[in-house]
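**Q** Quick check, what structure comes out for this input:
(chains A and B)
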Amino acid sequence: MHEQSISQMLDALDRKEYSCEELITHHVDRIHQLDEQLNTFITHTAEQAVTRARVLDTARAKGEAPPLAGIPIAHKDIFCTEGVKTSAGSHMLDNFTSPYDATVVEKLQAVGAISLGKTNMDEFAMGSSNENSYYGAVKNPWSETAVPGGSSGGSAAAVAARLCAAATGTDTGGSIRQPASMCGITGLKPTYGRVSRWGMIAYASSLDQAGTLTRSAEDAAILLNVMAGYDPKDSTSLFMDVPDYTQALNKPIDGLRIGVCQEYFGQGLDPDIESGIQLALKMFESAGAVISDVTIPASQHAIPAYYVIAPAEASANLSRYDGVRFGYRCESPADLADLYQRSRNEGFGTEVKQRIMVGSFALSAGYYDAYYRKAQQIRRLIKDDFLAAFKKVDLIIGPTTPTPAFKIGEKSEDQISMYLQDIYTITSNLAGLPAGSFPVGFSQGLPFGVQIIGNYLDEARILNLAHRLQLETDWHKMSPEEFS
Amino acid sequence: MPRADWEVVIGLEIHVQLLTQSKIFSGASTRFGADPNTQACAIDLGLPGVLPVVNEEVYKRAVTFGLGVGANINTRSVFDRKNYFYPDLPKGYQITQLSDPIVEGGEVEIPLADATKIIRITRAHLEEDAGKSLHEDFHGQTGIDLNRAGIPLLEIVSEPDMRSSAEAVAYAKYIHQLVTYLKVSDGEMSQGSLRCDANVSIRQFGDNELGTRTETKNVNSFRFLERAIEYEIERQIGVLESGGTVNQQTLLFDPDRGETRPMRSKETSRDYRYFPEPDLLPVEIDQAFIEAIRQNMPELAPQKARRFAEEYQLSDEDARSLSADSHLADYYEKVVGVGKDSKLAANWVRVELLGQLNRKNIDISETPVDAKELGYLIARIKDGSISGKIAKTVFEALWEGEAESAESFIEANGLVQVSDSSELQPLIDSIIQNNPKQVEQFKAGKTKLMDFFVGQVMKETQGKANPKQVNELLNKKLG
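**A** Here you go, the predicted model:
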């Protein structure tokens, strides 16, 4: 049953092929057997999950089951969950139990989805390999020596290993799409503001966006239907109607205008990935789509702009972890300064401390104009470039990552090459655009995805094209041998 | 160099707590005096994952203030993060407005001893208050109370237009009066609803450059403000005259010692690393919102004083004094409404009521004498049914809470003035009959004896006779 998609599971539950309890127990057992080697979960909530499944079975018997009753999911450990440890992958929050639920958690719970636990991640979502976790690296289900990508590496690996049907993730610079690509699954980052950030631990507030890690575009549509929408608790959430994303999945793509982003096919792109993308484009073309070239010239400045804005916001967002009210506090502080310095020095990992320092520097008097203000200007240019491109095309296509998953430890000493992992994904965060990654092939035995970027609030069109791809190919159905 | 050679330059930053039910970015209550940390929710505590949402009431209050000082209302204003670490600042940054405040410009005309002066307002911006550190009762540790964290503030920044502590106090009092009048704030200084930071510098007259300033923070009474500024002026003159230089620093005023001292032992210039708050979108206020507030602007003290002088025929002094406080002005107008004699009402409110209130140090909002009751007394004085003297007796009874109402007290104690001539006439006749000697002397020209006859009538009637009536009747009889 773990190979089934969400809609297949819902059908089976409806036809009483199995109960919620059986479905949940099956996945809980898989986690027990298989997760020790992968390390995808920080916290298991098996017991609560089974209890909840029983309640939903009773409801189903009375015909009162909510629409996603019994679907086994997992939440990235960046989403606050009431009464359950919420660590953000950090020693700093190892002792933190949230007193409230994130809006995303609350909404998924309300429709009957059952969380099996909290997934591993790069500390405070800072990383592209999941090696920056206080709880240890996550392994890629396709190769134990490879990283799953990051920062939502735990969620991506858990879905790829069929430990849960779907998982939530967050994407600040590529943290859903890059691990989705590397684990051979579907990852969707919606438009900034489409999904509420309430209860999602902040890394870089103007870039952070919650999204989905699933087996298929159809499953992504099912989850996004639940997660999307205005939330009065998040002032940056969009006050816009939410369409039924499953409705648009089967629309014909005849006449759809697809742009190929020239900047995404340069030096450093793995040739297998390049040819995989080209094959997908041919397939779209033969289905009636019109392919043309587009250009986003300002994207060449995206990485430096991102690595100013994100750390700047992070430097303030992470100030609340000071050892005073919650979280890690150092042993017997001598005075206030000592309390602050040691709590933060001992509670945060290296990458987090580095970004806090970079961000503080970028905001300092005398440097603000040269760094933060300039980065915001680049951000506007990127947005303008995209808006110009979307006058000519409906969707933009490129690779998600330059290479398939790399080896654990391979890039941890080489920060620049690690940062370059995000070269194709960061632009849509800076512009606030929706984008997804969908499996289209393998290179050196490891999966990779195609990235589809849409105009603002055009998630439905992205999923429409991806669904078409998934109707015609089986890449998204492949699972690593050990976990199938 | 004598003090007269030094020119004092003062600018004030006044933090006004906005009158709202809930905090600026959360739904927690703003009620004063609750137990520590009972009015701090997840947002105020800065828990992981929480987000601020602006309480719309604060825009109304800020715009009302802006219109009250003739300022520009910025239709687009931006919140910023001001970063610094302190235990009573839960998020490690304060949400405030730096480059695009909601209110810019404006001015106020403050009354001085023998003139008025224009003080320009630089800006007024919205921000959240921090919590409070409690240093007692924690055995060498510090307690943190976050009830104040997130209380909405409007920081009103003046230009350095004041030239003496007296001007600074007059300005601060004016702002206090204005914000309470406009119901922008309750103005309760003892509860921290209005706090002043005083920027003080001195220079020799004729200098164009400003001297180095110091900032004395968090002064919460007008008296302390005056003393703090005076102390700081003397201190700076002392430093400069002994050849030293004034350091730019942040000071605290210690009212017990009557002196200012540096807030931090080691003064380092802080870099707050401001940047736009990404959790809040820029605030867009439309013209209709501003216009709706403009339509409902209450009458301000200077306008009210002018109206009182005209409508109620009051002296300028009476009009100013009665309109200085909005509660007092409301009270006075209620008294006039019932009593129907504006001058008599002004006299009674200022002399009797304010006299008592000031002696007992009670605020007009807590007066034990209801305006309707005082109005009733004035109506009875005016129609002659009681004398002023009796009215004072009734007023005292009302003040002491011995009278349920003026009317019932007058009736129960038979205090109604006798002005019925059929009752007074026989009495007067008998007094004239019984005092022939005095009558003779009076008729011979000793008119002063009129007081004697009036006194006799009053004695017989236990003071209840209407003196005016008695005078008339006596004059008729003796004249």
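
**Q** got a list of what the residue nearest the centre of chain A touches?
**A** The residue lying closest to the centre of chain A (Cα atoms, centre = their mean) is A:Ile176, at 2.3 Å. By Cβ atoms under 8 Å, 6 or more residues apart in numbering or on different chains, the residues touching A:Ile176 are A:152, A:156, A:169-170, A:187-189, A:211-213, A:437. For glycine as for every other residue, the C-beta is placed from the backbone atoms N, C-alpha and C.

**Q** now with 6 Å?
**A** A:152, A:169, A:187, A:189, A:211 (Cβ atoms under 6 Å, 6 or more residues apart in numbering or on different chains).

**Q** Out of those, which comes closest to A:Asp270?
**A** Closest approach between the contacts of A:Ile176 and A:Asp270, by Cβ to Cβ: A:Gly187, at 18.4 Å.

**Q** Select from the contacts of A:Ile176 the one having the most neighbours.
**A** A:Ser152 (39 neighbours; other Cβ atoms under 10 Å in any protein chain shown).

**Q** how near is that one to A:Glu459?
**A** To A:Glu459, A:Ser152 is 18 Å away according to Cβ to Cβ, to the nearest Å.

**Q** now do B:Glu423
**A** Taking Cβ to Cβ, one finds B:Glu423 at 96 Å from A:Glu459.

**Q** out of the two, which sits in the more crowded spot?
**A** Neighbours per residue, other Cβ under 10 Å: of B:Glu423 and A:Glu459, the larger number sits with A:Glu459, 27 against 12.

**Q** Which pLDDT value goes with the more buried one?
**A** pLDDT recorded at A:Glu459 is 98.

**Q** and what of A:Glu47?
**A** A:Glu47 is given a pLDDT of 97.

**Q** Also A:Ile303?
**A** 94.

**Q** Which secondary structure element is home to it?
**A** helix A:302-317 (DSSP states H and E).

**Q** Which other helices and strands does that helix contact?
**A** With contacts taken as 3 or more Cβ pairs under 6 Å, 6 or more residues apart in numbering or on different chains; DSSP states H and E, helix A:302-317 sits against helix A:350-363, helix A:374-392, helix A:426-431.

**Q** Most tightly packed of those helices?
**A** Each of the helices and strands packed on helix A:302-317 was scored by mean neighbour count; the highest is helix A:426-431, a mean of 28, by mean count of other Cβ atoms under 10 Å in any protein chain shown.

**Q** Could you list the low-confidence segments of chain B?
**A** Scanning chain B for pLDDT under 70 picks out B:1, B:264-269, B:417-419.

**Q** Which residues of it lie near chain A?
**A** B:42, B:46, B:48-49, B:51, B:53, B:81, B:83, B:85, B:87, B:91-93, B:271, B:273, B:275, B:278-281 (Cβ under 6 Å from any Cβ of the partner chain).

**Q** what about 8 Å?
**A** B:42, B:45-54, B:81, B:83, B:85, B:87, B:90-93, B:144, B:271, B:273-275, B:278-281 (Cβ under 8 Å from any Cβ of the partner chain).

**Q** buried set for stretch B:139-159?
**A** For stretch B:139-159, the neighbour count (16 or more other Cβ atoms under 10 Å in any protein chain shown) marks B:144-158 as buried.

**Q** Among those, which lie within strands?
**A** Counting by DSSP state E, the part of the buried residues of stretch B:139-159 found in strands is B:144-145, B:152-158.

**Q** for those residues, which one is nearest chain A?
**A** Nearest to chain A among those is B:Ile144, at 7.2 Å by Cβ to the nearest Cβ.

**Q** can you pull the contacts of that closest one?
**A** Counting by Cβ under 8 Å, 6+ apart, B:Ile144 makes contact with A:324-325, B:37, B:87-88, B:131-134.

**Q** pull the longest helix from chain B.
**A** helix B:222-241 (DSSP state H).

**Q** Alpha carbons only: can I get the helix or strand following it in PDB?
**A** Where DSSP H and E defines the elements, the next helix or strand beyond helix B:222-241 is strand B:250-254. Once non-C-alpha atoms are left out, strand B:250-254 reads as follows in PDB (Å, rounded to 0.1, in the frame of the first residue of the first chain):
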ATOM      1  CA  THR B 250      22.400  58.400  27.200                       C
ATOM      2  CA  LEU B 251      21.500  59.300  30.800                       C
ATOM      3  CA  LEU B 252      18.900  58.400  33.400                       C
ATOM      4  CA  PHE B 253      17.500  60.800  35.900                       C
ATOM      5  CA  ASP B 254      17.600  59.700  39.500                       C
END
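
**Q** can I assume A:Leu463 is in contact with A:Leu223?
**A** No - A:Leu463 lies out of contact with A:Leu223 (Cβ atoms under 8 Å); the separation is 10.9 Å.

**Q** Quick check: phi and psi on the spatially closest residue to A:Gly184 that is not a sequence neighbour?
**A** Among residues not flanking A:Gly184 along the chain, A:Pro447 sits closest, at 3.0 Å (Cβ to Cβ, 6 or more residues apart in numbering or on different chains). A:Pro447 adopts backbone torsions of phi -70, psi 160, taken as degrees, to the nearest 10.

**Q** Give the bridge partners for A:Pro447, please.
**A** A:Phe442 (DSSP bridges).

**Q** I'd guessed it sits against A:Gly187; true?
**A** No - counting by Cβ under 8 Å, A:Pro447 does not reach A:Gly187; the two are 11.8 Å apart.

**Q** Mind listing the shared neighbours of those two?
**A** A:Ser181.

**Q** Please name the spatially closest residue to residue 306 (chain neighbours excluded).
**A** Assuming you mean chain A. A:Ile426 is the one closest to A:Tyr306 (Cβ to Cβ, 6+ apart), at 4.6 Å.

**Q** my bad, the chain I had in mind was chain B
**A** Nearest non-adjacent residue to B:Arg306 (Cβ to Cβ, 6+ apart): B:Ala319, at 7.4 Å.

**Q** in terms of contact, does the one you found touch B:Glu311 like I think?
**A** No - using Cβ under 8 Å, B:Ala319 is not in contact with B:Glu311, being 9.4 Å away.

**Q** returning to what we had before: which of the contacts of B:Ile144 count as buried?
**A** A:324, B:87-88, B:131.

**Q** Can you tell me the centre-most residue of chain B?
**A** B:Gln177 (4.7 Å).

**Q** what sits against the residue lying closest to it once chain neighbours are set aside?
**A** Spatial nearest neighbour of B:Gln177, chain neighbours left out: B:Ala301 (5.7 Å); criterion: Cβ to Cβ, 6+ apart. With contact set as Cβ under 8 Å, 6+ apart, B:Ala301 has these partners: B:177-178, B:181, B:323-324, B:326, B:329.
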